[in-house]
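Enquirer: just a sequence and a predicted model for now, questions to come.
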Amino acid sequence: MAHWLFKSEPSVWSFAMQVKAGDKGTEWSGVRNHAAKLNMMAMQLGEEGFFYHSNDGRAIVGIVTVTKLFHPDPSDETGKFGMVDIAAVKALPKPVTLETIKAMKRLAKMELVANSRLSVQKVTDDEWAIVKDLGGL
DNA sequence: GCCAACGTTGGC
DNA sequence: GCCAACGTTGGC
(Lines give C-alpha, C1' and ligand atoms only; values in the text may rest on other atoms or scores of the structure.)
Protein backbone atom coordinates (compact mmCIF):
# COMPACT_ATOMS: atom_id res chain seq x y z
CA MET A 1 0.00 0.00 0.00
CA ALA A 2 1.26 3.39 -0.92
CA HIS A 3 1.16 6.36 1.40
CA TRP A 4 0.32 9.98 0.66
CA LEU A 5 0.28 13.48 2.03
CA PHE A 6 -2.57 15.97 1.65
CA LYS A 7 -1.80 19.60 2.22
CA SER A 8 -4.34 22.17 3.32
CA GLU A 9 -4.45 25.58 4.85
CA PRO A 10 -6.22 25.11 8.20
CA SER A 11 -8.03 28.43 7.79
CA VAL A 12 -9.66 26.99 4.68
CA TRP A 13 -10.01 23.31 5.58
CA SER A 14 -8.48 21.95 8.77
CA PHE A 15 -8.05 18.45 10.10
CA ALA A 16 -10.64 19.24 12.78
CA MET A 17 -13.16 19.96 10.02
CA GLN A 18 -12.19 16.74 8.29
CA VAL A 19 -12.83 14.85 11.53
CA LYS A 20 -16.20 16.54 11.95
CA ALA A 21 -17.13 15.61 8.38
CA GLY A 22 -17.21 11.96 9.39
CA ASP A 23 -16.19 8.55 8.03
CA LYS A 24 -17.79 8.77 4.64
CA GLY A 25 -15.29 11.26 3.42
CA THR A 26 -15.27 14.57 1.65
CA GLU A 27 -14.24 15.61 -1.82
CA TRP A 28 -10.64 16.80 -2.13
CA SER A 29 -11.63 19.22 -4.85
CA GLY A 30 -9.85 22.12 -6.41
CA VAL A 31 -6.51 20.52 -7.26
CA ARG A 32 -5.24 22.01 -10.52
CA ASN A 33 -1.83 20.49 -10.79
CA HIS A 34 -0.85 17.53 -12.90
CA ALA A 35 1.64 15.99 -10.50
CA ALA A 36 -0.98 16.09 -7.76
CA LYS A 37 -3.53 14.63 -10.16
CA LEU A 38 -1.26 11.72 -11.06
CA ASN A 39 -0.80 10.97 -7.39
CA MET A 40 -4.55 10.93 -6.82
CA MET A 41 -5.07 8.69 -9.83
CA ALA A 42 -2.66 6.18 -8.30
CA MET A 43 -4.53 6.02 -4.99
CA GLN A 44 -6.38 2.88 -3.97
CA LEU A 45 -9.37 2.62 -1.65
CA GLY A 46 -8.31 2.40 1.97
CA GLU A 47 -4.83 3.76 1.41
CA GLU A 48 -3.73 6.21 4.06
CA GLY A 49 -2.09 9.59 3.97
CA PHE A 50 -0.91 12.33 6.25
CA PHE A 51 -2.86 15.55 6.65
CA TYR A 52 -0.57 18.57 6.67
CA HIS A 53 -1.42 22.10 7.76
CA SER A 54 0.41 24.63 5.61
CA ASN A 55 1.07 28.25 6.54
CA ASP A 56 -0.75 28.32 9.85
CA GLY A 57 0.60 25.39 11.78
CA ARG A 58 3.16 23.93 9.43
CA ALA A 59 2.81 20.44 10.81
CA ILE A 60 1.51 16.99 10.00
CA VAL A 61 -1.48 16.70 12.29
CA GLY A 62 -3.40 13.60 11.33
CA ILE A 63 -4.04 10.57 9.17
CA VAL A 64 -6.71 10.25 6.50
CA THR A 65 -7.87 7.43 4.27
CA VAL A 66 -9.11 7.29 0.68
CA THR A 67 -12.86 6.62 0.61
CA LYS A 68 -13.50 7.16 -3.09
CA LEU A 69 -11.27 6.58 -6.09
CA PHE A 70 -10.25 9.31 -8.52
CA HIS A 71 -13.29 10.83 -10.20
CA PRO A 72 -14.13 14.04 -12.07
CA ASP A 73 -14.08 17.31 -10.17
CA PRO A 74 -17.27 19.18 -11.15
CA SER A 75 -15.65 22.46 -10.17
CA ASP A 76 -13.13 22.00 -13.00
CA GLU A 77 -14.64 23.42 -16.19
CA THR A 78 -11.85 22.09 -18.39
CA GLY A 79 -12.53 18.51 -17.35
CA LYS A 80 -8.81 17.87 -17.13
CA PHE A 81 -8.58 17.41 -13.43
CA GLY A 82 -10.26 15.28 -10.81
CA MET A 83 -10.21 14.34 -7.17
CA VAL A 84 -10.54 11.58 -4.59
CA ASP A 85 -12.59 11.58 -1.41
CA ILE A 86 -10.87 11.27 1.94
CA ALA A 87 -11.95 10.80 5.55
CA ALA A 88 -10.12 11.40 8.80
CA VAL A 89 -8.73 8.30 10.53
CA LYS A 90 -7.08 9.75 13.62
CA ALA A 91 -5.13 12.72 14.86
CA LEU A 92 -1.47 12.41 15.69
CA PRO A 93 -1.03 12.63 19.48
CA LYS A 94 2.00 14.81 18.79
CA PRO A 95 1.86 16.84 15.55
CA VAL A 96 5.09 16.59 13.58
CA THR A 97 6.25 20.05 12.61
CA LEU A 98 7.99 21.03 9.42
CA GLU A 99 10.87 22.14 11.60
CA THR A 100 11.24 18.63 12.99
CA ILE A 101 11.01 17.08 9.55
CA LYS A 102 13.69 19.38 8.21
CA ALA A 103 15.94 18.53 11.14
CA MET A 104 15.71 14.77 10.49
CA LYS A 105 18.25 13.44 8.04
CA ARG A 106 16.05 10.53 7.00
CA LEU A 107 13.19 12.88 6.18
CA ALA A 108 15.25 15.38 4.23
CA LYS A 109 14.08 13.92 0.94
CA MET A 110 10.40 14.24 1.68
CA GLU A 111 8.54 16.13 -1.00
CA LEU A 112 7.27 18.37 1.75
CA VAL A 113 10.81 19.71 2.02
CA ALA A 114 11.96 19.28 -1.56
CA ASN A 115 8.83 20.48 -3.34
CA SER A 116 6.75 22.24 -0.75
CA ARG A 117 4.26 23.63 -3.22
CA LEU A 118 2.86 20.30 -4.39
CA SER A 119 -0.52 19.85 -2.75
CA VAL A 120 -0.83 16.07 -2.95
CA GLN A 121 2.40 14.21 -2.39
CA LYS A 122 3.73 10.68 -2.23
CA VAL A 123 5.27 9.46 1.02
CA THR A 124 7.68 6.52 1.10
CA ASP A 125 7.19 3.58 3.50
CA ASP A 126 10.23 4.73 5.44
CA GLU A 127 8.99 8.29 5.80
CA TRP A 128 5.56 7.01 6.77
CA ALA A 129 6.96 4.90 9.60
CA ILE A 130 9.28 7.62 10.88
CA VAL A 131 6.65 10.36 10.93
CA LYS A 132 4.09 8.09 12.58
CA ASP A 133 6.62 7.25 15.23
CA LEU A 134 7.49 10.91 15.81
CA GLY A 135 3.77 11.65 15.99
CA GLY A 136 3.28 9.21 18.84
CA LEU A 137 1.51 6.40 16.98
C1' DG B 1 4.90 41.45 4.29
C1' DC B 2 8.54 39.69 1.44
C1' DC B 3 10.38 36.79 -1.80
C1' DA B 4 11.81 32.38 -4.02
C1' DA B 5 10.04 28.54 -6.51
C1' DC B 6 7.14 26.84 -9.60
C1' DG B 7 3.20 26.32 -12.89
C1' DT B 8 0.53 28.45 -16.43
C1' DT B 9 -0.46 31.59 -20.00
C1' DG B 10 0.03 33.93 -24.20
C1' DG B 11 2.72 36.18 -27.88
C1' DC B 12 5.64 35.14 -31.45
C1' DG C 1 7.11 24.88 -29.66
C1' DC C 2 9.77 28.30 -27.12
C1' DC C 3 10.16 31.50 -23.58
C1' DA C 4 9.06 35.77 -21.07
C1' DA C 5 5.61 37.50 -18.09
C1' DC C 6 2.63 36.77 -14.68
C1' DG C 7 0.05 34.68 -10.72
C1' DT C 8 0.03 31.67 -6.78
C1' DT C 9 1.84 29.16 -3.03
C1' DG C 10 3.98 28.79 1.20
C1' DG C 11 8.11 29.33 4.22
C1' DC C 12 10.36 32.73 6.70
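Expert: Here it is on my side, so go on.

Enquirer: got the residues of chain A near DNA strand B?
Expert: Taking CB under 7 Å from any atom of the strand as the criterion, chain A approaches DNA strand B at residues A:Arg32, A:Asn33, A:His34, A:Ala35, A:Asn115, A:Arg117, A:Leu118. Placement of C-beta: from N, CA and C, glycine included.

Enquirer: secondary structure class for the first one?
Expert: It stands for A:Arg32. Secondary structure state of A:Arg32, per DSSP: H, G, I helix; E, B strand; the rest coil, is coil.

Enquirer: pretty sure it sits against A:Gly82.
Expert: No. Here A:Arg32 lies out of contact with A:Gly82, judged by CB atoms under 8 Å, at a distance of 10.7 Å.

Enquirer: what residues are shared contacts of those two?
Expert: Where contact means CB atoms under 8 Å, 6 or more residues apart in numbering, the residues bridging A:Arg32 and A:Gly82 through contact with each are A:Asp76.

Enquirer: of the two, who's got more company?
Expert: A:Gly82 (18 against 13; other CB atoms under 10 Å).

Enquirer: so what's that one up against?
Expert: Contacts of A:Gly82 were listed using CB under 8 Å, 6+ apart, and they are A:Lys37, A:Met40, A:Met41, A:Phe70, A:His71, A:Pro72, A:Asp73, A:Asp76.

Enquirer: swap in 6 Å and give it another go.
Expert: When contacts are counted by CB atoms under 6 Å, 6 or more residues apart in numbering, A:Gly82 touches A:Phe70, A:His71, A:Pro72, A:Asp73.

Enquirer: helices and strands of chain A: which one has the lowest mean pLDDT?
Expert: Taking all helices and strands of chain A together, the one with the lowest average confidence (mean pLDDT, DSSP states H and E) is helix A:111-114, at a mean of 92.

Enquirer: what's next to that one, contact-wise?
Expert: Contacts of helix A:111-114 from elsewhere in the structure, counted by CB under 6 Å, 6+ apart, are A:Lys102, A:Leu118, A:Gln121.

Enquirer: one step back: need the residues of chain A next to DNA strand B in TSV (columns: distance to DNA strand C and pLDDT).
Expert: Compiled in TSV, the residues of chain A next to DNA strand B are given as follows (distance: CB to the nearest atom of the strand, whole Å; pLDDT from 0 to 100):
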residue	distance to DNA strand C	pLDDT
A:Arg32	8	91
A:Asn33	9	92
A:His34	14	90
A:Ala35	12	92
A:Asn115	9	90
A:Arg117	4	91
A:Leu118	7	94
